[in-house]
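# build me a model from this:
(one chain, ligands or ions: 1)
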Amino acid sequence: MVCKSRAGTARAETEEAPMSSTDTTTVTVIGMTCEHCVRSVREELTKLDGVADVDVDLASGQVTLHTSAPVEPDAVRAAVEEAGYEVSS
Ligand SMILES: [Cu+2]
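Numbers count the residues shown, from 1 in each chain. Model prediction:
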């Protein structure tokens, strides 16, 4: 489900110091319009094995995965689609 709500002010996610034991992977997600979308994407991606934390930049659609183990790109794509959005390839 795509949330079209534009209610509320878009807050930038607070930058957290990345954990030293994790790698990061960045993907671009298409279709996010507000904080609710950000939360949906974060929630689905956080469920994936190996994903320790997820940072989402709403303005650019850049999603940074902090991973403790390798994560399949197909799994990331599926999780984003599960949330109702699309990964730019
Ligand atoms: Cu939304």
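# what does this protein put close to the ion?
With the criterion set to Cβ under 5 Å from the ion, the chain comes near the ion through Cys3, Thr33, Cys34, His36, Cys37. Every residue, glycine included, has its C-beta placed from N, CA and C.
# so what's Asp55 bridging to?
Bridge pairing for Asp55 (DSSP bridges) gives the partners Thr64.
# how about Ser88?
The partner residues for Ser88, given DSSP bridges, come to Thr28.
# quick one on the thing from earlier: columns pLDDT and neighbour count on top of the residues of the chain next to the ion, output as a markdown table?
Formatted as a markdown table, the residues of the chain next to the ion follow (pLDDT from 0 to 100; neighbours: other Cβ atoms under 10 Å):
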| residue | pLDDT | neighbour count |
| --- | --- | --- |
| Cys3 | 74 | 19 |
| Thr33 | 97 | 15 |
| Cys34 | 98 | 16 |
| His36 | 98 | 15 |
| Cys37 | 98 | 23 |
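# between which two of those is the distance greatest?
Thr33 and His36 (8.4 Å; Cβ to Cβ).
# about what we covered before: ok, so of the residues of the chain next to the ion, who is nearest Thr64?
Thr64 has its nearest neighbour among these in Cys37, at 15.9 Å by Cβ to Cβ.
# am I right that the closest one is in contact with Gly61?
No - in this structure, Cys37 is not within contact of Gly61 by Cβ atoms under 8 Å, at 9.8 Å.
# re the thing from before, now, which of the residues of the chain next to the ion lie within helices?
His36, Cys37 (DSSP state H).
# just the closest of the residues of the chain next to the ion to Val27, please.
Using Cβ to Cβ, Cys37 comes nearest to Val27 of those, at 14.7 Å.
# the closest one: what's it in contact with?
If you count contacts by Cβ atoms under 8 Å, 6 or more residues apart in numbering, Cys37 has them with Val2, Cys3, Gly31, Leu58, Ala83, Gly84, Tyr85.
# per-residue pLDDT, the fourth one?
Here the pLDDT value assigned to Leu58 is 98.
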